[in-house]
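In: Fold the following for me, if possible:
(chains A, B, C and D)
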4 protein chains.
Amino acid sequence: MRRWEMTGFGREALRLQRVPIPEPGPGHILVKSAAVSLNYRDTLVIEHGMGLALDFPFTPASDLAGTIAAIGAGVTRFQVGDRVITTFFPGWIAGPPPGTAKALDVRCLGGVHPGVLAEYIAVPEDWCVAAPHSLDLVEASTLPCAGLTAWFALVERGRLKAGQSVLVQGTGGVALFGLQIAKAHGAEVFVTSSAPDKRERARALGADHAIDRDGWVEAVYRLTADRGIDHILEIVGGAHLARSLEAVAVDGRVSVIGVIAGYDLSGAAGNLMLKSATVQGIRVGHRRALEDLVRAVDVMALKPVIDRRYALEDVPAALDHLERGPFGKIVIGFD
Amino acid sequence: MRRWEMTGFGREALRLQRVPIPEPGPGHILVKSAAVSLNYRDTLVIEHGMGLALDFPFTPASDLAGTIAAIGAGVTRFQVGDRVITTFFPGWIAGPPPGTAKALDVRCLGGVHPGVLAEYIAVPEDWCVAAPHSLDLVEASTLPCAGLTAWFALVERGRLKAGQSVLVQGTGGVALFGLQIAKAHGAEVFVTSSAPDKRERARALGADHAIDRDGWVEAVYRLTADRGIDHILEIVGGAHLARSLEAVAVDGRVSVIGVIAGYDLSGAAGNLMLKSATVQGIRVGHRRALEDLVRAVDVMALKPVIDRRYALEDVPAALDHLERGPFGKIVIGFD
Amino acid sequence: MRRWEMTGFGREALRLQRVPIPEPGPGHILVKSAAVSLNYRDTLVIEHGMGLALDFPFTPASDLAGTIAAIGAGVTRFQVGDRVITTFFPGWIAGPPPGTAKALDVRCLGGVHPGVLAEYIAVPEDWCVAAPHSLDLVEASTLPCAGLTAWFALVERGRLKAGQSVLVQGTGGVALFGLQIAKAHGAEVFVTSSAPDKRERARALGADHAIDRDGWVEAVYRLTADRGIDHILEIVGGAHLARSLEAVAVDGRVSVIGVIAGYDLSGAAGNLMLKSATVQGIRVGHRRALEDLVRAVDVMALKPVIDRRYALEDVPAALDHLERGPFGKIVIGFD
Amino acid sequence: MRRWEMTGFGREALRLQRVPIPEPGPGHILVKSAAVSLNYRDTLVIEHGMGLALDFPFTPASDLAGTIAAIGAGVTRFQVGDRVITTFFPGWIAGPPPGTAKALDVRCLGGVHPGVLAEYIAVPEDWCVAAPHSLDLVEASTLPCAGLTAWFALVERGRLKAGQSVLVQGTGGVALFGLQIAKAHGAEVFVTSSAPDKRERARALGADHAIDRDGWVEAVYRLTADRGIDHILEIVGGAHLARSLEAVAVDGRVSVIGVIAGYDLSGAAGNLMLKSATVQGIRVGHRRALEDLVRAVDVMALKPVIDRRYALEDVPAALDHLERGPFGKIVIGFD
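Out: Got it, this is the predicted structure:
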């Protein structure tokens, strides 16, 4: 079978190799890949490893959808032929995440754990959940990271209610899932983008307001009669948190998801305190919430937005596209 | 009657004046003061006004306990003779606070609204709640700001559970209320202080661990086997938030209360996100929570820690003490 | 002006009278009625008073939409010309409802408090909220009781999430609001009804499944692969709660709203305990939640279902219709 | 080793047998028993099996504390020598419990799953949690069912706050854990009992009010100035729920735990609805909550109340004691 492997850092160290199909050991399942969805973090892992302790050769990527080709001894949750998707943080089933105050847990697929950019993967059955009935596997592959991140921020942690306002920054994968999930929950949705054509496409997807990235806080004041935004997905991060704390409504919530503008968050204490606002760190989400999202996708008839699909051998072009900033998701299809 | 009045900013513009006892209008109550508890913010209002739109002469201070001396027409919640305490943010009864994303609500007693450093005050009946049965009025005067802030952070917003860990910074009014409320909820309590004698007194109050301010994060790792702290009361504020995000446990919560180290919060995104942590802005609390605290004080038999009591004419000495950093509360007694 | 008044119990004691237009006192507003929505409880009040201490002549009904014609001294929340709706339990602003364990609070409009079936009403400004922009006043009049009851059960108390299942019993006002709110939240909706044509209309409104009242529990098992229902609006009440406890999902919730089958609730402890289920009593809801609903109605573009509109003089015919069981709401229009 | 085995129903079919010490398979641990705590349900299983599908010979009982004597291949959570306690519902880690609306999950230890009344047990490592440091193993054995049930009702589901009122019915194991946990959370505690000496002992344990079972609702009204009780542990069950709905405070909660008075719950809809009350079914609790309780026990320094300890061969006498109604827990000690 074919599998992408890093022999070191940098794009030139990423190669498509031929390796044997793995055997599923006890409690493991062998999944035949149908699609792998790429995330911006995959480009960082490939470039410099994000400080993670990777064993080379290392296969990147975390989000796979496929069909179970074989099962190991003792497997009870799945059967051969089942359609499944992976979980981003294997082993985080429900409740608090692993790790401690001092030792942060960073063990995701495609980062410490070997990734999924391969025609077959063998993983513990606990690392997968059933794919939604209403999506094909290319669409389903977008849920484990981007879909779940937006869902976890808005629904699991944010307890979003109809009538509340939601703002997403940009039109990447998490942002568009945020838009779609919020609309399906009866929310009023704001999208920021510097590109007029992307604003237009966001409106076509259901955004109530698509506004320029420049001056977005003032635009929010104007469009909400100063009320502000109940839930903000902070995808830019860093010092941009200060803008979100200006825009957030009284009793509102800023979910910190992205680090595009850096790893050092900052903002005004007055906004946080006098608005009684919440800043919530989001680390994708747990398996139980992914199962909730899968059921919700079927009920809401939500269709993930896929900007473009690439073939397995075209991963480098797909990564280029990812770095340019897609509208929604970039997916590698395997057939 | 006597009343402290600011004719401008600075300590020299603060004078004890003789003025007529006010009349309670319709819906108002006249309260004969027994005690006024001072907060650090009162020193800032007196020094420079904190940017608030104050009408001079202006009376500072927010936290009063007293006895109702007369009631205006239509008053239904109280009778003459009832023992009451004030609310810090008058009119915030329950639910979300007033204000908008753009226009922050800052109208507390002793800041925009006239304050309470007077032998009598006349206020709407909605601005007071019944004092606890188990406290004298000097003790009761400490609840409206310091007591409620700690309660709102830990219990109302934080849903503190027995067995969780709580850390308070320093040994001021909010910190010691945090200590006492957390112990009464079955929590494990950590106090930081640079003064050995204050650490000793904190232990005597029930703190499980009183640790030096220097290196407190490493001490927390050591004392918790790296697990960290579930609830941190961030009383220092500013860039010190970064330390709290290092010390906070997975799924933990930092309640931002103080601005001693400045108004610009900052910290590492990685700690916030990978720990799934929450940073919660605290603006004292609403009247319904103050009523909960009053009942809890009676049931828990909690006795507020009063460092020293001053007479009405000794407000300047009391303010000096406040600036030096008391152990618990500074109260002006009126008899 | 004209006003319906009961001089005693029974339909024959209900008369349309001419009385002076009231004056709004201090803090009161005079509302010119545009529409009054009737509830099943109004027929009970008219027939026998439900055991309430009513002063005759007594005006029934609780849910009014209208326009402010005049304001009394000291009114701050509204201006002449504002479109408003009433609140069902006046004075329940937010937080816990009034009343005690022993002395239940039953003081709603049209029950203890004088009702609204009149061309003008004068009430404290705190008893009203702004009507939604997106509804005409006939539609808006349906929100204070039926709309808020469904919202409070599903959203405020139930924290409904997309992908969950919701079941409503029958096709009356609360049931259809439940259907519409649940669909707007991305839920899968089940409606029970014994009438094939009503089931058809429920499907046309968006119900995913409209099933016969007979054998509905088995139908739920079949349609959900035994999973059951996450949120049930128990509108039948009494011993029928037992059916809902059979149908409710693990960790699910039954909101008790109706008393059609009697005031004595009963059901199996095994279902309640082994499913970790919740039975939640619903008493309409508080003003803050009504304000949330109003905003949500605007964002969701929810249009209340009005079976038929009657003129003020046709209240008796409207009550007859109500007793036959309408599809949605019965409204009295005033123009 | 010795193990109690049922060869059929009835006390005479329960025999102490000699059997080989089991071997721990892959992922399993061998636990040397130090103590087994008995619950009332064990007497029902022994008498008639509670309708469960038991394989004879069947060993009863669910709550064990012991020391790990050996571990199977692949065990990661524990080491030989670790002190552990069992979980009542093996496999319920966190989040919603297993089972469906139709097929209730009843698979606990000592009911479907083989029980623990044996000198050694071999179970999957996931079925145990670390014992608290501050308890000996006889005390620790009381946590898995009685301790966790009270904790789950009051803390995990009930989010108990200091100052709230809690009422427990009787002085059995769950009731006394409820008393102790509530006191450690700063609550005001009411205990009902028909036995004056048990009321006296409950007061000595910290109960604020110990009242006669006859007329307890009126006593509650009197002692709370009609306010009622925020959290009631309904241990009697059946039609007695009606009394608890009379006594429960506005916005209060009744946790249904016991079935002494039968399996058919009933009560007045008016109390449930007008008080906005919650009736919550409790099924012991999940493993994550048991871990929370273990940590809380250490921090609160809670000492479980053990009425009497019996030797392994004296199980019949212990069951007799259990049927007479102990004050706290009955434990079988193994040394």
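
In: Just the strands from the stretch 1-150 of chain A, written as ranges.
Out: Taking DSSP state E, counting those that start in this stretch as the criterion, the stretch 1-150 of chain A contains strands spanning A:2-6, A:14-18, A:28-38, A:63-71, A:83-86, A:108-109, A:112-113, A:120-124, A:128-130.

In: just checking, what packs against the fifth one?
Out: Right, strand A:83-86. When contacts are defined as 3 or more CB pairs under 8 Å, 6 or more residues apart in numbering or on different chains; DSSP states H and E, strand A:83-86 sits against strand A:28-38, strand A:63-71, strand A:128-130, helix A:137-140. From N, CA and C alone the C-beta is placed, and that goes for glycine too.

In: which one of the ones you listed lies closest to chain B?
Out: strand A:63-71 (18.1 Å; CB to the nearest CB).

In: Distance to chain B and mean neighbour count for the helices and strands packed on strand A:83-86 - can I get that in a markdown table?
Out: Supplementary listing: the helices and strands packed on strand A:83-86 in a markdown table, determined by distance: least, CB to the nearest CB, whole Å; neighbours: other CB atoms under 10 Å in any protein chain shown:
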| stretch | distance to chain B | mean neighbour count |
| --- | --- | --- |
| strand A:28-38 | 20 | 25 |
| strand A:63-71 | 18 | 23 |
| strand A:128-130 | 20 | 21 |
| helix A:137-140 | 25 | 24 |
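
In: Nearest to B:R288 among the ones you listed would be which one?
Out: With distances scored as CB to CB, the stretch of the helices and strands packed on strand A:83-86 nearest to B:R288 is strand A:128-130 (41.0 Å).

In: about what we covered before: and chain C, which of the helices and strands packed on strand A:83-86 is closest to it?
Out: Nearest to chain C, of all the helices and strands packed on strand A:83-86, is strand A:128-130, at 12.4 Å by CB to the nearest CB.

In: Just give the strands next to that closest one in its sheet, each with its orientation.
Out: Sheet partners assigned to strand A:128-130 using DSSP bridges are listed as strand A:83-86 (antiparallel).

In: What mean pLDDT does the partner strand get?
Out: Per-residue pLDDT over strand A:83-86 has a mean of 98.

In: Could you provide the helices and strands packed on strand A:83-86 in TSV, with additional columns for mean pLDDT?
Out: Listed next are those as TSV, based on pLDDT from 0 to 100:
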stretch	mean pLDDT
strand A:28-38	98
strand A:63-71	98
strand A:128-130	98
helix A:137-140	98
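
In: Quick check: which of the strands of the stretch 1-150 of chain A is nearest to A:P196?
Out: Evaluated with CB to CB, these place strand A:28-38 nearest to A:P196, the distance being 25.9 Å.

In: So which elements touch that closest one?
Out: For strand A:28-38, where contacts count as 3+ CB pairs under 8 Å, 6+ apart, the packed elements are strand A:63-71, strand A:83-86, strand A:120-124, helix A:137-140, helix A:315-324, strand A:329-333.

In: How many residues are close by the nearest residue to A:N39 once chain neighbours are set aside?
Out: Taking CB to CB, 6 or more residues apart in numbering or on different chains as the measure, A:N39 lies nearest to A:C145, with 5.1 Å between them; neighbours along the chain are not counted. By the criterion of other CB atoms under 10 Å in any protein chain shown, A:C145 has 32 neighbours.

In: Show the contacting residues for A:R2.
Out: A:R2 makes contact with A:L16, A:Q17, A:R18, A:V19, A:A118, A:E119, A:L312, according to CB atoms under 8 Å, 6 or more residues apart in numbering or on different chains.

In: Just the buried subset of these, please.
Out: Judged by neighbour count, with 16 or more other CB atoms under 10 Å in any protein chain shown as the criterion, the buried members of the contacts of A:R2 are A:A118, A:E119, A:L312.

In: pLDDT of stretch A:5-23, averaged?
Out: Averaging pLDDT along stretch A:5-23 gives 97.
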